[in-house]
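S.K.: Let me see the structure of the following:
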Amino acid sequence: MSAPARYCSHCGGTIALRAEDGRAREVCEACGTVFYRNPLPVAAAVVANERREILLVKRSRPPEQGMWCLPIGFAELDESIEEAALRELHEETGVEGVVRGLLDVDSDSNDYYGDLLIVTFEVRKTGGQERPGDDAADVAYFPLHDLPPIAFTSNQKAIAAYVAGHAEEWAIQESFSRLDEQSATELSMGAMLSDTLISLIESRSAEVALAWFGEISENSSTSCMADLDGSWLRGKTEVALRELGRMLRRDAPADEIKKYYRHWGAELATRGCPLHEALSGLSLLKRAIWRAARGTGVWERPVEAYRILEMFTVVGVFFDRAAYHTARGYANMDALNAAPRD
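M.R.: Modelled structure (predicted):
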């Protein structure tokens, strides 16, 4: 708290403390002017580059001289708090920007400035060149996982709010980036958004297999499959679902899906089931997986839609390969000599 005033700025009279509005306030004994003490408004900005590194300034003056912080400073008369954040950003770092949104509002008190109200915005860079200015000794971008000690608690809170606000967006971007980098023959999960969903489907393989058997029993395109031994068919389906998870996590040898589905195709052929029914059955199995995924209740947040989309991208690749090897199994009865994993 700053030192109390001694004389009135209006008339020069002496200042005394009196009870006003339920608390002690400074009041001029001559003219009665009440001096309301309010927190000083402070504006700060979080600016990140395309690598998600945060722009920080190294302080050249007290308080916390020599430490790093966000571009930050006091709002002035005749400017909005957003304008203050952009002005301080440009003065301290040389960067020009536009406000994208409010990140955090915090209160603080210190011996140097007294009571403060710190408002932090997310800002997108639109121009300028990074260079230290005003009271900054240096400016630099830092990765979020390797930030230096941050001078002010309010800055730490704002950075945490920035990370939390973008967590789902970044998870989606990273997951689909990994998806794009994989070829069809190397497609795997591994820390993708849909990992948990695949694991859930695996754990419910018996339930999915039963639902799938109901589908083929009612569908005219799989009437022959419906007449097969249900226990045998459901057992095969449970194995297929486990193979799906193992393949996506790369726990299975690269040629295991080839051997399994070629054997399965050849076995269906020997049981008199036409190829078009086997392919239709695979399509219905994919639909049963889709319905099981929808039944998990993963629609509460936007990120869940991406989780489903990603899952069916990789599942689609799996079933494309399964259909191909099933058809090859029909054409090559020698596949029955292969040792499938049951």
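S.K.: who touches the strand or helix carrying residue 210?
M.R.: Using DSSP states H and E, residue 210 falls within helix 205-218. By CB atoms under 8 Å, 6 or more residues apart in numbering, the surrounding residues in contact with helix 205-218 are 201, 222, 225-226, 230, 233-235, 237-238, 241-242, 281, 284-285, 287-289, 291-292. In this view, the C-beta of every residue, glycine as well, is placed from N, C-alpha and C.
S.K.: So which of these are in helices?
M.R.: 201, 225-226, 230, 233-235, 237-238, 241-242, 281, 284-285, 287-289, 291-292 (DSSP state H).
S.K.: Now, of those, which are buried?
M.R.: Buried subset of the ones in helices among the contacts of helix 205-218 (neighbour count, 16 or more other CB atoms under 10 Å): 201, 225-226, 233-234, 237-238, 241, 281, 284-285, 288-289, 292.
S.K.: Export those residues as a markdown table, with columns for pLDDT and distance to residue 52.
M.R.: Shown next, in a markdown table, are these (pLDDT from 0 to 100; distance: CB to CB, whole Å):
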| residue | pLDDT | distance to residue 52 |
| --- | --- | --- |
| 201 | 72 | 32 |
| 225 | 89 | 50 |
| 226 | 88 | 53 |
| 233 | 83 | 49 |
| 234 | 82 | 47 |
| 237 | 82 | 43 |
| 238 | 81 | 42 |
| 241 | 79 | 37 |
| 281 | 91 | 45 |
| 284 | 91 | 43 |
| 285 | 88 | 40 |
| 288 | 86 | 39 |
| 289 | 83 | 34 |
| 292 | 80 | 35 |
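S.K.: Pick out the most distant pair among the residues you listed.
M.R.: 201 and 226 (23.0 Å; CB to CB).
S.K.: So residue 257 versus residue 321, what's the distance?
M.R.: Counting by CB to CB, to the nearest Å, the gap from residue 257 to residue 321 is 6 Å.
S.K.: So these two - more neighbours on which side?
M.R.: Neighbour count, other CB atoms under 10 Å: between residue 257 and residue 321, residue 257 has more, with 21 against 17.
S.K.: which element is the more buried one on?
M.R.: With DSSP H and E as the criterion, residue 257 is inside helix 256-270.
S.K.: looking just at contacts, which helices and strands does that helix meet?
M.R.: Applying 3 or more CB pairs under 8 Å, 6 or more residues apart in numbering; DSSP states H and E, we find helix 256-270 packed against helix 230-248, helix 275-294, helix 302-331.
S.K.: Now render these as CSV, adding distance to residue 109.
M.R.: Listed next are these as CSV, based on distance: least, CB to CB, whole Å:
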stretch, distance to residue 109
helix 230-248, 53
helix 275-294, 51
helix 302-331, 38
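S.K.: Nearest to residue 167, out of those?
M.R.: Of all the helices and strands packed on helix 256-270, the one in closest proximity to residue 167, counting by CB to CB, is helix 302-331 (8.9 Å).
S.K.: re earlier: show me what counts as buried in the helix holding residue 210.
M.R.: 205, 208-213, 215-216.
S.K.: Kindly report the same for stretch 72-89.
M.R.: 72-73, 75, 81-82, 84-89.
S.K.: Helix, strand, or coil at the residue nearest the centre of the chain?
M.R.: Among the residues of the chain, residue 168 comes closest to the average C-alpha position under CA atoms, centre = their mean, at 1.9 Å. Under the three-state scheme (DSSP: H, G, I helix; E, B strand; the rest coil), residue 168 adopts helix.
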